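Participant: only geometry, no sequence info:
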């Protein structure tokens, strides 16, 4: 159940990232859209930072749970 929810959010992130890259490529062609390009670049960077924070925090939680499990089983 939890894996299915994570997979849905992962696919959502992937499609949003793909959409942002597509908009980035389209907006490079037209110089009038340079302000839009800056917004998209900021959004992509923000999404990547958020993804890294979530990845690191979930890894640290899993590591904490694993260490707790090992300490309980060794008692």
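Facilitator: Cool, got the structure. Note that the structure is predicted; figures quoted are calculated from it, not measured.

Participant: give me the pLDDT value at residue 27.
Facilitator: For residue 27, the pLDDT comes out at 53.

Participant: packing partners of whichever strand or helix holds residue 71?
Facilitator: Assigned by DSSP states H and E, residue 71 belongs to helix 34-73. Under the contact criterion of 3 or more CB pairs under 8 Å, 6 or more residues apart in numbering; DSSP states H and E, helix 34-73 touches helix 2-28. Backbone N, C-alpha and C define where each C-beta goes, glycine included.

Participant: can you get me a residue count around residue 44?
Facilitator: For residue 44, the count of nearby residues is 16 (other CB atoms under 10 Å).

Participant: revised request: answer the last question for residue 39.
Facilitator: 13.

Participant: swap in residue 40?
Facilitator: Using other CB under 10 Å, residue 40 has 21 neighbouring residues.

Participant: where does the protein have low pLDDT?
Facilitator: For the chain, applying pLDDT under 70 flags the ranges 1-37, 75.

Participant: same thing but at 50, please
Facilitator: Applying pLDDT under 50 to the chain flags the ranges 1-3.

Participant: how much space between residue 70 and residue 42?
Facilitator: To residue 42, residue 70 is 42 Å away according to CB to CB, to the nearest Å.

Participant: er, residue 74 actually
Facilitator: Counting by CB to CB - residue 74 and residue 42 are separated by 48 Å.

Participant: of those two, who's got more company?
Facilitator: Using other CB under 10 Å, the more surrounded residue of residue 74 and residue 42 is residue 42, with 10 against 6.

Participant: contacting residues for that one?
Facilitator: Contact partners of residue 42, counting by CB atoms under 8 Å, 6 or more residues apart in numbering, are absent.

Participant: number the chain from 17, please
Facilitator: Will do, 17 is the new start, and the previous item becomes residue 58.
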